[in-house]
Structures are given as C-alpha cells and as structure tokens.
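Colleague: How does the following fold in three dimensions:
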Amino acid sequence: MDQHRLPLTKLQTGLPPASPSAVLRVIADISSVGGRFELGVSRAEAGWRPLTDLLTDPGGLEAVIRDMAGHMGTDETRVAASILFQKVASRLCSPAFGAAVAHGLLIGLDPRRVHWHAAPDGVLPLRVTDPAGWEVRDPVQAADALYRTVVIGLLEPLGEAVRAVVKIAPGLLWGNAASALAGTMRALVRVRPELTGPALTLGRELLDIGPLRDTGELAEPSPGHPFFVRRSCCLYYRVSGDKCGDCGLTDPGAPRDRRAHAVHGSRRARPA
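Modeller: Numbers count the residues shown, from 1 in each chain. This is a model prediction of the structure:
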C-alpha cells in the first residue's frame, strides 16, 4: 500500500503530542502572519458549519459555488468552482504549513472540528474547536504529516465533492492546490524572511508527493523569493482577461526573472 494512502488514524503514530497551551500559542502566532493564516479557536456559533458539511453536502456546496460565481460576476460555474477550491486550499494549507515551518508543530485539522461560514468574497473564515497538535521537527516527517492531514484528509474529499457537482479536471484542481501552497510560502517568507530556508525545504518535499508532484516548477530566482510556475490553468483569465503570474499558459520563453518579478509584485493576480 502507498504510504500516503494509509488511514489517517496512523498519522499520530510516533509523533509526540504537543500540550494544549503550546498549540494555542502556535495558532495565535501563525494567525498574526496575515489573513490567509488566520485560524480562530472557539466553540461553534450560529452561522458556523463544520467543514464536513462542505465535503458531504452537494446542495450546500453548489450554493457556495453559485455565491462565488455571483461575486466574480460570471455564470461559468466551472471557473467559480476552481477559484473556490483554490481559496479553500489556501485557507486550509496556510496555518498548517506556517505552524510546521515556524514551530515544528502539526495542527490537527479534523473536518468535524474545523468550522466555516460563508463570506461575500468566498474566502471562508475558519475556526477550530479543541485543537490538538503534534511535534514534527524533521522536514520529511513534517511533509508526510501535512500531506496526510491537509491533502488526504481535506483536499482529496473536497476535490471529489467539487467534481461531483461541476465538471472539472482533477489536474486543474491539483494545480490549484500546488499554487495555493506556493502562495503560502511566498506570504510566509515575505513577512518572516528568516523562515525562507525551512519553508522552501518543506514546500519542495510537499510538492513531490502524490498528485502535487509534477504540477509545476518551484524555484528561487532571487534570494528569499520562491517562485512557482504551474503546468495548468485555474481559469481565472476567463473573468479577469489576464493570466495569473504562475499560469502554465504564459509565454514559456519569457525570462524567469521577469516572470518571478511579476509573481512577486503583480497586483492583478487572482485573490488567494
């Protein structure tokens, strides 16, 4: 059996548990990095729904996709579904990745304990109840743990749910997931440049596992500025008219440093 298809119950085997107070400190610290890293900690309240609803309720997911399409001003549900998947991937990946890089800690993201509520721009605010965590100091170990927690535990079922209600290629969604991960790396090292080395190490490990492998190329054309070019397209150009900085449809002959500058500084890229 592929080690990355092992049941999630195997995840905690051999990982030292972190104390509840340490988990809360790490979540608070990572949340301070910026919006995509924010993870609230509280009991569920009215209007907040467990992430399992998004993964298992086709009607509810269709409604969220329609809301996203309305916000984007498009009637193409395929485009809205693509961007929604990327936004959710970013929100799930960022706090987990940041905690692993900055603190060597894996945040437990059980979809029954992670709650969300709809937002006008489609960026789902997240809260977790009774968060748990485990120490993951080794980059390979951290990559494996993050892959099972975020990719297998959350993004695989989300992708399956999206494709059950909208006709969309799985390779496009995995390109979105890889792009979200790369965006997380850029956002983290921009605010905390001292984490560039471990962020790139963990990012490269993750991008070489399962369906994330061969989704694009990660490079560092200038120190401290990781740069990812994907091999697929998220379809955002069908709304904006412009291709994103990491798009696989851009001119392959463009100098890499110019494309890296566009990724780092563009204000026209799709929202993360």
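
Colleague: Strands of the stretch 151-272 of the chain, residue ranges please.
Modeller: Counting by DSSP state E, counting those that start in this stretch, the stretch 151-272 of the chain has strands at residues 216-222, 225-230.

Colleague: strands paired with the shortest one, and their directions?
Modeller: Put plainly, it is strand 225-230. strand 216-222 (antiparallel) (DSSP bridges).

Colleague: Now do the buried residues in the partner strand.
Modeller: 216, 218, 221 (16 or more other Cβ atoms under 10 Å). Placement of C-beta: from N, CA and C, glycine included.

Colleague: Could you do stretch 129-145 as well?
Modeller: Residues of stretch 129-145 classed as buried by neighbour count (16+ other Cβ under 10 Å): 129, 131-136, 139, 141-145.

Colleague: returning to that earlier point: closest to R113 out of the strands of the stretch 151-272 of the chain?
Modeller: Smallest distance to R113 across those (Cβ to Cβ): 30.3 Å, for strand 225-230.

Colleague: Keeping just the C-alphas, turn that closest one into CSV.
Modeller: C-alpha atoms of strand 225-230 as CSV (Å, rounded to 0.1, in the frame of the first residue of the first chain):
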residue,chain,number,x,y,z
HIS,A,225,11.6,35.0,-3.3
PRO,A,226,10.3,31.5,-4.0
PHE,A,227,8.6,31.3,-7.5
PHE,A,228,6.3,28.7,-8.8
VAL,A,229,5.1,28.1,-12.3
ARG,A,230,2.2,25.7,-12.6
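
Colleague: Could you report the neighbour count for S42?
Modeller: Around S42 there are 10 other residues, counting by other Cβ atoms under 10 Å.

Colleague: Provide the backbone phi and psi angles at it.
Modeller: The phi and psi values for S42, taken as degrees, to the nearest 10, are phi -170, psi 170.

Colleague: State the helix or strand in which the residue nearest to it when sequence neighbours are not counted lies.
Modeller: The shortest distance from S42 to any non-neighbouring residue, by Cβ to Cβ, 6 or more residues apart in numbering, is to R127 (5.5 Å). Assigned by DSSP states H and E, R127 belongs to strand 126-128.

Colleague: so for that strand, what's the average pLDDT?
Modeller: Average pLDDT, strand 126-128: 93.
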